[in-house]
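Generate coordinates for the sequence data below:
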Amino acid sequence: MTRSATHAPARPELEAWAVSLQGLRPDMEDSHVLEVGEDRLLGAVFDGHRGAWVASLAARSLPALGDLKPGEALRRIDEQARLLPGGACAVVFRLRGERLEVANLGDAVLVRVSGGKAEVLTQLHRIQSPRERDRVVAAGAEIHGPYAVDPMTGDGLMPTRSLGDPEFRRIGIIGEPYEWQGRFRRGWLVAACDGLWDVFDPGELPPFLQTSAREAAEALAREALERGAYDNVTVIAVRRG
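Residues are numbered from 1 along each chain as shown. The predicted structure follows:
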């Protein structure tokens, strides 16, 4: 099992920690970004598929795009990612003061937890969403189990939106992110790839968020593996107040 952790220097009321575990996968295809400055926090999880090229590109590129809104940053990265093999799901969030801006593609998720209540701030882009399913079918995709499949090649993807994946664009796999903005005054943010969410419901988060950001991120990643997650697991936990 390969493990990596990232600590962001904390302001007095703000702390953040990121953990990545390779798990049982033969390769680590996740990348992440976590930066805390005087006036902002920038965080992201990039979950690569069919290789780590796009996730790695995204993590390298995002810090230089940090002045852009998360959705626009993802659009810029997608333009570069289309030149690479494979693709990646993504969630990016930026906190400035109390203003929180979020964007995602695919099945990477951000949850805000306050007062014991968990609220998902992202959108799931898989065929479980009727709107996403109808869109890719209209573009020519066939549905095989959880996959949108290109009938010309027989290749399929679970996410219906992603960075990169140029060969799937003809069946409606697009790089247009979902965007959200609002306030984050006090509580927790938890961002993670589907390695966590495939075995963990957002409503289960509050009992794990009783200590430090580091302890919370590490406990959630361990819990995912103990529940049988096969995928890579990357978790970012942010605590404020």
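
give me phi/psi at the residue at the greatest distance from the centre of the chain?
Centroid-distance maximum for the chain: Met152 at 29.3 Å, with CA atoms, centre = their mean. When read as degrees, to the nearest 10, the backbone of Met152 gives phi -80, psi -30.

Surely Val199 and Tyr230 touch.
No: when contacts are counted by CB atoms under 8 Å, Val199 is not listed as touching Tyr230 (9.4 Å). To be clear about C-beta, it is placed using only N, CA and C from the backbone, and glycine gets the same treatment.

quick one, which of these two is more surrounded?
It is Val199, of Val199 and Tyr230, that has more neighbours when counted by other CB atoms under 10 Å, with 18 against 12.

would the more buried one count as being in a strand?
No: counting by DSSP: H, G, I helix; E, B strand; the rest coil, Val199 falls outside a strand, being coil.

quick one: low-confidence parts of the protein?
1-12, 39 (pLDDT under 70).

which residues in it form helices?
For the chain, the helices defined by DSSP state H cover 53-61, 70-81, 130-138, 194-197, 213-226.

most packed of those helices?
Greatest average neighbour count among those goes to helix 194-197 (a mean of 25), per mean count of other CB atoms under 10 Å.

Find out how far that helix is from the centre of the chain, if you would.
9 Å (CA atoms, centre = their mean, to the nearest Å).

So which elements touch it?
The contact analysis (3 or more CB pairs under 8 Å, 6 or more residues apart in numbering; DSSP states H and E) places helix 194-197 against helix 213-226, strand 233-240.

Val136: what's it in contact with?
Contact analysis of Val136 by CB atoms under 8 Å, 6 or more residues apart in numbering lists 127, 148, 160, 171-173.

again with Ser162
If you count contacts by CB under 8 Å, 6+ apart, then Ser162 has 49, 87-90, 105-106, 125, 168, 173, 175 around it.

Closest one of those to Ala55?
Ala88 (4.3 Å; CB to CB).

what number of residues lie near that closest one?
35.

can you offset everything so residue one is 29?
Done: numbering now begins at 29, and the last item shifts to Ala116.

who's it bridged to?
When bridges are called by DSSP bridges, Ala116 pairs up with Gly76, Leu191.

And it, how far from Asp58?
9 Å (CB to CB, to the nearest Å).

which non-adjacent residue is nearest His77?
Excluding its sequence neighbours, the residue lying closest to His77 (CB to CB, 6 or more residues apart in numbering) is Gly115, at 5.8 Å.

hang on, the earlier thing: common neighbours of Ala116 and Asp58, please.
74-76, 83.

which among the residues you listed end up buried?
Buried by 16 or more other CB atoms under 10 Å: 74-76, 83, out of those.

Kindly reformat those as TSV containing distance to Ile105.
Shown next, in TSV, are these (distance: CB to CB, whole Å):
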residue	distance to Ile105
Phe74	9
Asp75	14
Gly76	13
Ala83	10
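
Tell me the one of those residues nearest Arg124?
Checking those one by one against Arg124 (CB to CB), the nearest turns out to be Phe74, at 21.5 Å.

And the closest one, how close does it get to Gly114?
11 Å.

Touching, Ala83 and Gly76? I think so.
Yes: counting by CB under 8 Å, Ala83 does reach Gly76; the two are 3.4 Å apart.

any shared contact partners between these two?
Residues touching both Ala83 and Gly76 (CB under 8 Å, 6+ apart): 57-59, 116.
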